[in-house]
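Participant: got a sequence here, can you build the structure:
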Amino acid sequence: MIRNVRYYIFLKDVLMLAVTTFGGPQAHLAHFQKILVDKRQYLSEEELLEINSLCQILPGPTSTQTLTAIGFKIGGPNLAYLTLILWILPGVTFMTLAAMMMSSIEQKNWSTEFTRFIQPMAVGFVSYGAYTISVKTIHTKTGVALMILAAVLSYFIQTPFIFPIVLLCSGLLTALKYKAQPKEEKTKIIIPWANFLLWAGVLIGAAALGGITKALPVRLFENFYRNGSLIFGGGQVLTPLLYTEFVQYAPKQYLSSQEFLSGYAVAQSLPGPVFSFSSYIGALSMREYGTAGQLVGGFVAALGIFLPGTFLIFFVIRFWESLKKYRAVRASLEGITAASAGLVIASAVILFQPLENTVMNFAVTIITFVLLAFTRVWSPLIILGGLLLGFLLRYV
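Facilitator: Predicted coordinates for the structure are as follows:
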C-alpha cells in the first residue's frame, strides 16, 4: 500500500516537473535535484549525477532518459513508461496544437508579420545552447579542436548522415586517451540484450515497412526514430539534424525555414523536453491530411523521437555499474560532447542564413543571446517580448 502511494506521489512530481521546468537539460537537472533528491529523497545526489552522466553518453534526450531511469530505479519498467508519458505529454500536446494553429493561419492567408522577430530569436536560443555546451563540457585543446572540426564539417556537408559519423569518430578519438582516466577494479559484464534487440528491431522494421508501404506516417516514424537513435547532447543538437532533414533535404522539405524557426522558438518557451519540438514538425509534415492527419503526425513524431532513448537507457542501466569501470568509456564522453557543441555552432550559422541580413535581425539575435547568457530573464518572457515588439511594429 505504501509503495503504491509512493508511486502516485512520484508520478505527480513528474507531471509537476513537466509543466514547470524550463531551460533544457542543465536547468532540468537542477529541478530534478530540488524535487526528487532534496524534497522527496527518491535517490541521492550522487546517484542522480551518475544517472545523468550515463544518459549523456547515450543517444537520445538527456533529461527524459534521466527521469525515466529514475522511474526505472524506483519501480521498474512499468513506472518508467508512465514517467515517460507524463513527462512528454504537456509539451507534445502544445507543440502539436501550435503546428495546427500555424497551418490554419497560413490557410486563411493571415499575416504572420508579428512573428518576424521569432526567427532571429530562435537563432539566439541555438547560439546560447552552443555556448552552454562548450563552456560546461570543453576543457582541453583536443575538445576545442574537435568542436571546430565538427562545426566546419557539418556546415559544409549538410546531410543528415554526417552527424552520427562526426559524433562516433570524435568519441573514438578521445577514447584513445583512456590512460588519463583513473583506474577502477573491473568486474565481469553480464549484458541482458532484450532492450537492445527491441531498439534495433524497431529501427530495422520501421525502415523496411516505410520502404515497402511508402506511407507518410510510417516514414515519419522511421525518420524520427533514426534521429532519436543518433543524437547526443539534447535538444540543441537535435535542431540541426531536423533542419537539414525536413527543411533543406530536397526529397522532403516539409517545412519552410520560417515555420521551422517559429516552431523552435515556441518550443524553447515551453517547459519540459525540447524534443517535443518533433511533434510540431510531424504535425506540419501531414498538414495535407487535415486535422486528423496532423494529430497522427504529432503522435508518431513524438513516439519516434522518444522511444529509442528509452529503450537504450533501459538496456544500459542494467550493466552500467560494470561498464563504467572501463576508462575508454569515460574518455569517449569528451569527444562526443565537444562534437555536439560544434554541431550546434554550425546550426546557429545555418539557421541564420535564410534570414535577411538586417541590423534589426542581428540585434535581436544578439540581445536574445545576452539575455539568456547573462541575466535570469525567463525564456517565455523573451518570446512574448519578441511577439509584442513584432505586433507593435506591424499594427501600431
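
Participant: could you list the low-pLDDT ranges of the stretch 1-150 of the chain?
Facilitator: The model of the stretch 1-150 of the chain has pLDDT under 70 over residues 1-5, 22-27, 30, 53, 56-57, 106-115, 133.

Participant: which residues of it fall in helices?
Facilitator: 2-18, 24-32, 45-56, 62-107, 118-137, 141-156 (DSSP state H, counting those that start in this stretch).

Participant: may I see the buried residues of the first one?
Facilitator: Neighbour counts using 16 or more other CB atoms under 10 Å place 7, 10-11, 13-15, 17-18 of helix 2-18 among the buried residues. All C-beta atoms are positioned from the backbone trio N, CA, C, and that covers glycine.

Participant: re the thing from before, which one, of the helices of the stretch 1-150 of the chain, ends up nearest to residue 275?
Facilitator: helix 62-107 (6.7 Å; CB to CB).

Participant: so which elements touch the closest one?
Facilitator: helix 2-18, helix 24-32, helix 45-56, helix 257-268, helix 277-285, helix 290-316 (3 or more CB pairs under 8 Å, 6 or more residues apart in numbering; DSSP states H and E).

Participant: can you lay out these as JSON lines showing distance to residue 83?
Facilitator: As requested, the helices and strands packed on helix 62-107 are arranged in JSON lines below (distance: least, CB to CB, whole Å):
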{"stretch": "helix 2-18", "distance to residue 83": "5"}
{"stretch": "helix 24-32", "distance to residue 83": "12"}
{"stretch": "helix 45-56", "distance to residue 83": "13"}
{"stretch": "helix 257-268", "distance to residue 83": "21"}
{"stretch": "helix 277-285", "distance to residue 83": "18"}
{"stretch": "helix 290-316", "distance to residue 83": "10"}
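
Participant: who's in contact with residue 11?
Facilitator: Listed by CB atoms under 8 Å, 6 or more residues apart in numbering, the contact set of residue 11 reads 79, 82-83, 86.

Participant: just residue 248 next, same as before
Facilitator: By CB under 8 Å, 6+ apart, the neighbours of residue 248 are residue 158.

Participant: ok so, going back, deepest of the helices and strands packed on helix 62-107, which one?
Facilitator: helix 277-285 (a mean of 30; mean count of other CB atoms under 10 Å).

Participant: count of residues packed around the nearest residue to residue 318 once chain neighbours are set aside?
Facilitator: Spatial nearest neighbour of residue 318, chain neighbours left out: residue 192 (5.3 Å); criterion: CB to CB, 6 or more residues apart in numbering. Around residue 192 there are 11 other residues, counting by other CB atoms under 10 Å.

Participant: go on, residue 276?
Facilitator: 31.

Participant: cool, and residue 241?
Facilitator: By other CB under 10 Å, neighbour count at residue 241 equals 22.

Participant: again with residue 183
Facilitator: So residue 183, with other CB under 10 Å, has 9 neighbours.

Participant: what of residue 20?
Facilitator: Neighbours of residue 20 using other CB under 10 Å come to 11.

Participant: picking that back up, which one of the helices and strands packed on helix 62-107 lies nearest to residue 167?
Facilitator: Of those, nearest to residue 167 by CB to CB is helix 45-56, at 12.2 Å.

Participant: the inter-axis angle of the closest one versus helix 62-107?
Facilitator: Relative orientation of helix 45-56 versus helix 62-107 (axes from the mean of the first three to the mean of the last three CA atoms, to 10 degrees): 50 degrees.

Participant: number of residues surrounding residue 197?
Facilitator: When neighbours are counted by other CB under 10 Å, residue 197 comes out with 12.

Participant: how about the secondary structure of it?
Facilitator: helix (DSSP: H, G, I helix; E, B strand; the rest coil).

Participant: rewinding a little: ranking the contacts of residue 11 by neighbours, who comes first?
Facilitator: residue 83 (28 neighbours).

Participant: ok, that residue to residue 231 distance?
Facilitator: Distance, residue 83 to residue 231, using CB to CB, to the nearest Å: 20 Å.

Participant: same thing with residue 292?
Facilitator: 29 Å.

Participant: repeat that for residue 219.
Facilitator: In terms of CB to CB, residue 219 sits 19 Å off from residue 231.

Participant: and the closest residue to residue 6 other than its chain neighbours, what does it touch?
Facilitator: Leaving out its chain neighbours, the residue that sits closest to residue 6 by CB to CB, 6+ apart is residue 74, at 7.8 Å. Taking CB under 8 Å, 6+ apart, we find residue 74 in contact with 6-7, 10, 42-43.

Participant: now the residues you listed as JSON lines including distance to residue 333?
Facilitator: Shown next, in JSON lines, are the contacts of residue 74 (distance: CB to CB, whole Å):
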{"residue": "6", "distance to residue 333": "33"}
{"residue": "7", "distance to residue 333": "32"}
{"residue": "10", "distance to residue 333": "29"}
{"residue": "42", "distance to residue 333": "25"}
{"residue": "43", "distance to residue 333": "21"}
